[in-house]
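Trainee: sequence first, predicted model second:
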Amino acid sequence: LFPWKQLPQKLGQNALVCVNWPDAPKGISDLTMVECAQIIAAIRDHGPHRLHFKFEPNSKSDLLASKKAVIIGAPPLHDSKSSRAKRIFYNGKTDYEGPARLPNPAKT
(Lines give C-alpha, C1' and ligand atoms only; values in the text may rest on other atoms or scores of the structure.)
Protein backbone atom coordinates (compact mmCIF):
# COMPACT_ATOMS: atom_id res chain seq x y z
CA LEU A 1 0.00 0.00 0.00
CA PHE A 2 1.07 3.56 -0.68
CA PRO A 3 2.07 5.33 2.55
CA TRP A 4 -0.72 7.94 2.47
CA LYS A 5 0.32 9.46 5.78
CA GLN A 6 3.65 10.35 4.18
CA LEU A 7 2.06 11.94 1.11
CA PRO A 8 2.88 15.55 2.12
CA GLN A 9 6.55 14.66 2.63
CA LYS A 10 6.76 12.68 -0.61
CA LEU A 11 5.22 15.57 -2.54
CA GLY A 12 7.59 18.16 -1.03
CA GLN A 13 10.68 16.02 -1.56
CA ASN A 14 9.77 15.74 -5.23
CA ALA A 15 8.72 19.41 -5.67
CA LEU A 16 5.13 18.41 -6.36
CA VAL A 17 1.93 20.15 -5.32
CA CYS A 18 -1.41 18.34 -5.31
CA VAL A 19 -4.13 20.76 -6.39
CA ASN A 20 -7.90 20.42 -5.84
CA TRP A 21 -7.79 17.48 -3.45
CA PRO A 22 -11.44 16.73 -2.52
CA ASP A 23 -12.38 17.53 1.06
CA ALA A 24 -12.25 14.25 2.94
CA PRO A 25 -12.08 14.32 6.74
CA LYS A 26 -10.74 10.77 6.98
CA GLY A 27 -7.62 8.93 5.97
CA ILE A 28 -7.62 7.31 2.55
CA SER A 29 -8.08 3.82 4.01
CA ASP A 30 -11.22 4.95 5.86
CA LEU A 31 -13.00 6.42 2.85
CA THR A 32 -16.43 5.12 1.94
CA MET A 33 -17.21 4.01 -1.61
CA VAL A 34 -18.97 7.35 -2.21
CA GLU A 35 -15.89 9.28 -1.03
CA CYS A 36 -13.61 7.12 -3.21
CA ALA A 37 -15.93 7.84 -6.13
CA GLN A 38 -15.54 11.59 -5.43
CA ILE A 39 -11.76 11.28 -5.69
CA ILE A 40 -12.04 9.30 -8.91
CA ALA A 41 -14.45 11.90 -10.31
CA ALA A 42 -12.02 14.69 -9.37
CA ILE A 43 -9.23 12.91 -11.25
CA ARG A 44 -11.41 12.40 -14.32
CA ASP A 45 -12.76 15.97 -14.27
CA HIS A 46 -11.45 18.18 -17.08
CA GLY A 47 -12.80 21.42 -15.62
CA PRO A 48 -11.03 24.11 -13.60
CA HIS A 49 -11.31 22.14 -10.34
CA ARG A 50 -9.85 18.86 -11.54
CA LEU A 51 -7.46 17.02 -9.24
CA HIS A 52 -3.94 17.36 -10.61
CA PHE A 53 -0.30 17.63 -9.62
CA LYS A 54 2.05 20.49 -10.45
CA PHE A 55 5.82 20.13 -10.63
CA GLU A 56 7.34 23.21 -8.98
CA PRO A 57 11.14 22.77 -8.92
CA ASN A 58 11.70 26.48 -8.21
CA SER A 59 9.52 26.22 -5.09
CA LYS A 60 11.08 23.09 -3.59
CA SER A 61 12.84 24.94 -0.76
CA ASP A 62 9.59 26.75 0.15
CA LEU A 63 7.70 23.46 0.05
CA LEU A 64 10.25 21.76 2.32
CA ALA A 65 10.25 24.74 4.70
CA SER A 66 6.42 24.61 4.82
CA LYS A 67 6.17 28.13 3.42
CA LYS A 68 4.02 26.79 0.57
CA ALA A 69 1.38 24.08 0.80
CA VAL A 70 2.01 20.67 -0.79
CA ILE A 71 -1.71 19.83 -0.89
CA ILE A 72 -4.29 22.44 -1.80
CA GLY A 73 -7.90 21.43 -1.36
CA ALA A 74 -10.61 21.97 -3.90
CA PRO A 75 -12.74 25.08 -3.33
CA PRO A 76 -15.59 24.30 -0.92
CA LEU A 77 -19.06 24.03 -2.41
CA HIS A 78 -21.34 27.06 -2.10
CA ASP A 79 -23.24 25.52 0.84
CA SER A 80 -20.15 24.41 2.77
CA LYS A 81 -19.48 25.62 6.32
CA SER A 82 -15.90 26.38 5.24
CA SER A 83 -15.25 29.67 3.49
CA ARG A 84 -11.91 28.48 2.10
CA ALA A 85 -10.27 25.16 1.19
CA LYS A 86 -7.89 23.26 3.43
CA ARG A 87 -4.16 23.34 2.74
CA ILE A 88 -1.62 20.83 4.03
CA PHE A 89 2.06 21.59 4.43
CA TYR A 90 5.21 19.45 4.34
CA ASN A 91 5.48 19.54 8.15
CA GLY A 92 1.92 18.19 8.49
CA LYS A 93 0.35 21.45 9.62
CA THR A 94 -2.88 22.57 8.02
CA ASP A 95 -4.85 25.76 7.56
CA TYR A 96 -7.99 26.87 5.79
CA GLU A 97 -6.47 29.58 3.60
CA GLY A 98 -6.86 27.76 0.27
CA PRO A 99 -9.21 28.69 -2.58
CA ALA A 100 -12.43 30.50 -1.67
CA ARG A 101 -15.84 28.83 -1.50
CA LEU A 102 -17.59 28.48 -4.87
CA PRO A 103 -20.45 30.87 -5.60
CA ASN A 104 -24.03 29.66 -5.40
CA PRO A 105 -24.89 28.54 -8.97
CA ALA A 106 -28.52 29.61 -8.45
CA LYS A 107 -27.38 33.22 -7.94
CA THR A 108 -25.01 33.46 -10.90
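Mentor: Arrived safely.

Trainee: for this protein, which helix or strand comes out least confident on mean pLDDT?
Mentor: helix 33-44 (a mean of 80; mean pLDDT, DSSP states H and E).

Trainee: who are the packing partners of the helix or strand following that helix?
Mentor: Next in sequence after helix 33-44, counting helices and strands by DSSP states H and E, comes strand 52-55. The contact analysis (3 or more CB pairs under 8 Å, 6 or more residues apart in numbering; DSSP states H and E) places strand 52-55 against strand 16-21. For every residue, glycine as well, the C-beta is placed using N, CA and C.

Trainee: the least confident helix or strand of the chain versus strand 16-21: what angle between them?
Mentor: Relative orientation of helix 33-44 versus strand 16-21 (axes from the mean of the first three to the mean of the last three CA atoms, to 10 degrees): 120 degrees.

Trainee: other residues contacting stretch 43-59?
Mentor: 11, 15-22, 39, 42, 63, 68, 74-75 (CB atoms under 8 Å, 6 or more residues apart in numbering).

Trainee: ditto for stretch 60-72
Mentor: By CB under 8 Å, 6+ apart, stretch 60-72 touches 7-8, 11-13, 15-21, 56, 59, 85, 87-91, 93, 98-99.

Trainee: list only those of those residues flagged as buried.
Mentor: 7-8, 11-12, 15-21, 56, 59, 85, 87-90, 98-99 (16 or more other CB atoms under 10 Å).

Trainee: was I right to think Phe89 contacts Gln9?
Mentor: No - counting by CB atoms under 8 Å, Phe89 stays clear of Gln9, with 10.2 Å between them.

Trainee: now for these two: what residues contact both?
Mentor: By CB under 8 Å, 6+ apart, no residue touches both Phe89 and Gln9.

Trainee: and stretch 70-82, what's buried?
Mentor: Neighbour-count burial for stretch 70-82 [16+ other CB under 10 Å]: Val70, Ile71, Ile72, Gly73, Ala74, Pro75, Pro76.

Trainee: with pLDDT, secondary structure and distance to Gly47 as extra columns, can I get those residues in TSV?
Mentor: Formatted as TSV, the buried residues of stretch 70-82 follow (pLDDT from 0 to 100; DSSP: H, G, I helix; E, B strand; the rest coil; distance: CB to CB, whole Å):
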residue	pLDDT	secondary structure	distance to Gly47
Val70	97	coil	23
Ile71	94	strand	19
Ile72	96	strand	16
Gly73	93	strand	16
Ala74	91	coil	11
Pro75	93	coil	12
Pro76	91	coil	16
